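1. predicted model and sequence below, questions to follow.
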Number of protein chains: 2
Amino acid sequence: MTKAWNEIDSLVRIASGAKAPLEKRDPAGDDLFPDRAHAEAATVENAKAIDKLQDRLWAERKRALLVVLQGIDTSGKDGTVRSVFNQSGPLGVSVTAFGRPSEEELAHDYLWRVHAAVPKKGMIGVFNRSHYEDVLVVKVRGLAPAETVERRYEQVNAFEKHLSENGVTILKFMLHISKDEQRQRLQERLDEPEKNWKFNPGDLEDRALWDEYVKAYDAVLERCSTAHAPWRVIPADKKWRRNAIISAIVRGTLEEMNPSYPKPDWKPTDFKIV
Amino acid sequence: MTKAWNEIDSLVRIASGAKAPLEKRDPAGDDLFPDRAHAEAATVENAKAIDKLQDRLWAERKRALLVVLQGIDTSGKDGTVRSVFNQSGPLGVSVTAFGRPSEEELAHDYLWRVHAAVPKKGMIGVFNRSHYEDVLVVKVRGLAPAETVERRYEQVNAFEKHLSENGVTILKFMLHISKDEQRQRLQERLDEPEKNWKFNPGDLEDRALWDEYVKAYDAVLERCSTAHAPWRVIPADKKWRRNAIISAIVRGTLEEMNPSYPKPDWKPTDFKIV
């Protein structure tokens, strides 16, 4: 890599309590992985390394990694999963997509369905959207009273602190694209027949609320970037750059976790297989 | 492919009600995919095709595919998942491993945890072991009364019929390896430090019960290979052959299901993205 992963990380990580308005963050990110071919090669290498690290995580079976992906429609959450985690595959990685809650889910507190989906020890779990929707779409569209939403930031921080104290390392990525990039990607969904099914006319309503979403994200970044679970804002206008940055941080985090194969309490010569 | 997938399939599929003793089935399977390089290339092509078909399955969101993998220790269930489904990745494929049931699971009927893990519409679900353990290990080790086990074959058939009538296509693969191949694979786990964690001394107890397991599998194949969910016995001594056969059948099955992208009820020109 041109830069060590933690140098890259320091450029995208939001310090605890810092004001971090999205409008001051560049969705292009040209200074990170300037070269496309290099970025793509790095992503492939990182994905392979993540696969090997996941094998150790599973063998050790003491800790889990939770990767939270947030971002507006078309920001590339699905594409990120494919490029970073297909090498590991479905055996060691589970993905949970959080859509509109069901009646059963709404009958519980908003973290109930989220807690149930936290990856078990040994696994990497990916949240495609997450409990943050409860302070994003819920706030922007007024789906809960303002004072209810207001209390959630601290509740979310407490929940994530609990997880991090109980063996779950949390990586939160906000996929940051420009409004113009979203326009192009929505247009592709209209223009390419095989992508038509991905186009939801309702997405245009959210697009019309762009500035409100930016404000809601700003509140999340300022209030929920904690020492135990900081946010990373990923320049995501270029898919290959987004993949390179995220895969580098996931790999680096797993390397720091350094899961190890358990030592057997037997010697190979203890057994004769007949 | 040298042979069309349904020709291959006809050689491994157990006809409904047929006696199909394992000892008459060759775990080598030299007549299927005789050439290794060709088999490996076919597997890669099949995995890519499965990925594209899964995308259509998800877009359509009306049906699901359930892949049941059974086989004794070291028969290659994990390896099958990697080679057949890593191209699709964790976004469209969920894997559920069924181990020893928890207290909570034991407090319910044995199909409770299984039903909960059935893939939702649009997904491919893989069972790494399954409800068949309830007529395999449970029978061999006497974990339930014989008459209880006896009733389960029909219960399982009824359960699978229910699923198949409700949009879930079921593919059941029994990974068939020879006793000598298992010896070699267990020995590898003893000899290679990075595989030590996979070795469980308890596996030798099951190996000692080899003949009892064969009998239990024979009963499963004879009684639970139905028109709506037939068993396939896959020659699995060669990993590359096993992967080629299974990927061909999964691909062929998805092609027959022929999921289609939904037709939008709008025209691209209906929208102007601003």
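-> Alright, I've got the coordinates.
2. so residue A:233 is in which element?
-> Residue A:233 belongs to strand A:231-235 when elements are defined using DSSP states H and E.
3. pLDDT on that strand, on average?
-> Averaging pLDDT along strand A:231-235 yields 98.
4. and stretch A:213-226, by the same measure?
-> The average pLDDT within stretch A:213-226 is 98.
5. which residues does it contact?
-> Outside stretch A:213-226, the residues that touch it by CB atoms under 8 Å, 6 or more residues apart in numbering or on different chains are A:13-23, A:70, A:72, A:132, A:135-136, A:139-140, A:153-154, A:156-157, A:160-161, A:174, A:206, A:231, A:233. Where you see a C-beta, it was placed from the backbone N, CA and C, and this is true even at glycine.
6. same question for stretch A:108-119.
-> With CB under 8 Å, 6+ apart as the test, stretch A:108-119 has contacts from A:64-66, A:94, A:96, A:98, A:101, A:105, A:125, A:127, A:130-131, A:134, A:152, A:155-156, A:159, A:163, A:168.
7. equivalent analysis for stretch A:190-200, please.
-> With CB under 8 Å, 6+ apart as the test, stretch A:190-200 has contacts from A:73, A:186, A:188, A:189, B:59, B:261, B:262, B:264, B:268, B:271, B:273.
8. just the buried ones among those residues, please.
-> Buried residues within the contacts of stretch A:190-200, counting neighbours by 16 or more other CB atoms under 10 Å in any protein chain shown: A:73, A:186, A:189, B:59, B:261, B:264, B:271.
9. now those residues in JSON lines, with pLDDT, secondary structure and distance to residue A:89?
-> Formatted as JSON lines, those follow (pLDDT from 0 to 100; DSSP: H, G, I helix; E, B strand; the rest coil; distance: CB to CB, whole Å):
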{"residue": "A:73", "pLDDT": "95", "secondary structure": "coil", "distance to residue A:89": "27"}
{"residue": "A:186", "pLDDT": "97", "secondary structure": "helix", "distance to residue A:89": "30"}
{"residue": "A:189", "pLDDT": "95", "secondary structure": "helix", "distance to residue A:89": "27"}
{"residue": "B:59", "pLDDT": "96", "secondary structure": "helix", "distance to residue A:89": "21"}
{"residue": "B:261", "pLDDT": "95", "secondary structure": "coil", "distance to residue A:89": "25"}
{"residue": "B:264", "pLDDT": "90", "secondary structure": "coil", "distance to residue A:89": "32"}
{"residue": "B:271", "pLDDT": "93", "secondary structure": "coil", "distance to residue A:89": "37"}
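10. so which of these is the closest to residue B:78?
-> residue B:59 (28.7 Å; CB to CB).
11. which residues sit in contact with the closest one?
-> Residue B:59 sits next to A:197, A:198, B:122, B:259, B:261, B:262 when contact means CB under 8 Å, 6+ apart.
12. out of the residues you listed, which sit inside strands?
-> Using DSSP state E, no member of the contacts of residue B:59 falls in strands.
13. got a markdown table for those, with distance to residue B:238 too?
-> Below are those laid out as a markdown table (distance: CB to CB, whole Å):
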| residue | distance to residue B:238 |
| --- | --- |
| A:197 | 39 |
| A:198 | 40 |
| B:122 | 33 |
| B:259 | 31 |
| B:261 | 37 |
| B:262 | 41 |
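14. now, the most widely separated pair of these?
-> For the contacts of residue B:59, and using CB to CB, no pair is farther apart than A:198 and B:259, which are 15.2 Å apart.
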